[in-house]
Structure formats: C-alpha cells, structure tokens
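Undergrad: I need the structure of the sequence given here:
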Amino acid sequence: MIERDDALEVKWARLEDFATNLLLFHDNTSSLGEFRLSSRVYNQRHVDRWIHRGIEYCPSVLIILILNYCRFKLPPVVGSNFCHLKMLRLCSVDLGSHFADLLCSACPVMEDLKLGNCEFSGNSSQVITSPTLKKLELESCVNNTGYPLVITVPSLAYLCLCYGYYEAGISLFKMDSLVRAKIYVTEYETLSQQTERELLCSLYNVTSLELVGFGAEEMLIEKSDKFPIFHNMRTLDLHGCFLDEYELYDKLEALGSFLQSAPCLEKLILKYCMDEVGQDETISLRPTFGWETSGTETSLLRNIPPRSGTTSSGKIERMGSSHFNVVPAV
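TA: The predicted model follows:
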C-alpha cells in the first residue's frame, strides 16, 4: 500500500510539473478561458492545490466535478480571482457558510450557475444574490443550516430546482425576468405544501413552466387568495402530478382551477398524471416520457366539468396521447 501511495505521489508531482511549465507560457494579463477539474478525491491536499492553481488565473468558466460519494470541502479562495467568472459548475462540493457571500461580492459578471449534489452548511442564512445571473440550476442540493435558502436574482431567465433537501424551505424574490422554470419535488422531500405554493406564486412571469411531483392541494386556487395570474404563460408541462390520494374529480378541479390562472396558455402537457396507483404498483418514468393511457385516462380532460375544463381563453382540446391545445373560445 505504501509503494502504491508513493507511485501516486510521483505521478501527481509529474502532472503538476507539466501544468506549471504549461502555464508559464500563459499571458498573465488575460484570464484563463476555462478550468475544469474532475476528481475522485484520493488526496484532498492535491485537489486543493489544483483548485488554487486554476482559480489563480481568473478563469471565465470554472467546473469542479468531485466524483465521490462524500462531499468535498471547497478550499478558501481569493474573491478577486472570480472577477472574470461567467460560468460556474460545482458537483458534490460542501459549499460551507461563505459561498453565497462570495458569489454576491466577488462575481460581478456571473451569468450561469449550476450546483449538483452540493451542500450549504454552517449556522447562518444562505442568500444567492446576483444582479447578472441569468441561469440557475440546483440539482439534489442540501441546505441544513436551519434557515431558508433565499434566491434574489432580478436578471434570472431560467431556473431549475431539481429535488434536493431544503429543511427550512426556499424563498424566491425579484423574479421579474424569469422566462422558463422547472420545479421537481418528490414525496420524500421536506418542502411543505405552503412552500410549494409560495414557489408557484414566485413564478408569475414565466412563459414556460414544468412541474414534477406537485399534488392537487398545492394547485387548487381556492385555497389561497394570493395566487397570481400567469399572464405570460404559454406552455405548462406537468409530470407525475396529482398522484396524491384525492378523488379524480378533485384532481381535475385542481387542474382546472390552476388553468384559470393562465389566460394565455397555448399548450398543456401531462405526463404520468392522475394515475390511480395501488400500494403494490409503481409508476415507471422512462426516458421517452410517454403517457400510457387507459380508457378512463384517455377521456380525463374530455369529461372535465365546464369550470375545470375551460380557461378564460377557451377550452382544452386533446392532441395525441399527452399534449393538449387550448382552443380560443368562439
């Protein structure tokens, strides 16, 4: 084992020498175009040194992918090295308690941020704030700080919140520029119904909205007098929604109620929605994302009561097995 470790140390040293010689020819007056690091973390000291080495040259694109189950602690970095950073990708990284502050103060031109399987830790609130950020993706991230994750990004055009564990919830503010949004939840997550409804309320400006795992209770308009009108929404994509233990009529009532808040809706897509699933049955979400329909499911929207089957702009018409058009009222 000692001989193997020594051999690895020699290989790391050779690689570092090669990188050092390569970077000697780099023009220090210009920033590095892209720095990408993919590691299984056999030695955190080496990974720390490589991260410092890459960040030192002020890259425009920074990608750190840690291919290990345990989250890797991001080493302390100098904020001024992020002055040119436009795109940041982090996977399986423990962000600590200062990442949000660093993002806010040291990334003046950041436009694209993706965090996968990352953790917000510490005992203070986490606030993602950026005046320039246009695309934000949080996939399977964890926030155990005891405070809600607050996102305030006025220029954001695309938002993806995919699963994850947010003990104290998520709050969105100043989403005026948001065009597309994807929100994925599962029955095992800690987001309360109230938090899910508040997320929906924050997405009032989107033209395209994709929801996965939402139930009838969260989408029933009558339960909240503060539910907004989605004036710009043209496409609504529901995947695995309305699978909670409600009567079919109540689920259709919730769907129709939500559709009434989207007067300009043009396309409705349902994928694996409203299935009556038994205790010993499961729903298979295949890559094709098709919607296999039985006789009952085929006629679901055909039999929606008038109040639930129409919007202020017209009626719902079936298009194929999973797509629906909203036909203007005559």
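Undergrad: what residues go with each domain of this structure?
TA: Domain assignment for the chain, taken from automatic domain parsing, gives 35-178, 196-330.
Undergrad: The longest one: end-to-end distance?
TA: Put plainly, it is domain 35-178. Using C-alpha to C-alpha, to the nearest Å, one end of domain 35-178 lies 29 Å from the other.
Undergrad: again, but for stretch 91-99
TA: Using C-alpha to C-alpha, one end of stretch 91-99 lies 14 Å from the other.
Undergrad: now that stretch, how far from the centre of its chain.
TA: Using C-alpha atoms, centre = their mean, to the nearest Å, we find the averaged C-alpha position of stretch 91-99 to lie 16 Å away from the chain's own average C-alpha position.
Undergrad: got it, and stretch 107-121?
TA: Between the mean C-alpha point of stretch 107-121 and the mean C-alpha point of its chain there is a distance of 11 Å (C-alpha atoms, centre = their mean).
Undergrad: which of the residues in that stretch are buried?
TA: When neighbours are counted by 16 or more other C-beta atoms under 10 Å, the buried residues of stretch 107-121 are found to be 107, 110-121. C-beta coordinates here come from the backbone N, C-alpha and C atoms, glycine included.
Undergrad: okay, those in TSV with secondary structure next?
TA: Listed next are the buried residues of stretch 107-121 as TSV, based on DSSP: H, G, I helix; E, B strand; the rest coil:
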residue	secondary structure
107	coil
110	coil
111	coil
112	strand
113	strand
114	strand
115	strand
116	strand
117	coil
118	coil
119	strand
120	strand
121	coil
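Undergrad: Tell me which two in the residues you listed are the farthest apart.
TA: Within the buried residues of stretch 107-121, 111 and 121 form the most distant pair, 25.8 Å apart (C-beta to C-beta).
Undergrad: quick one: which of the domains of the chain is nearest residue 12?
TA: Put simply, out of these the one that sits nearest residue 12 is domain 35-178, at 5.2 Å, with distance taken as C-beta to C-beta.
Undergrad: shaky segments in the protein?
TA: Low-confidence segments of the chain, defined by pLDDT under 70: 1-5, 19-30, 41-43, 69, 78, 187-191, 216-226, 275-330.
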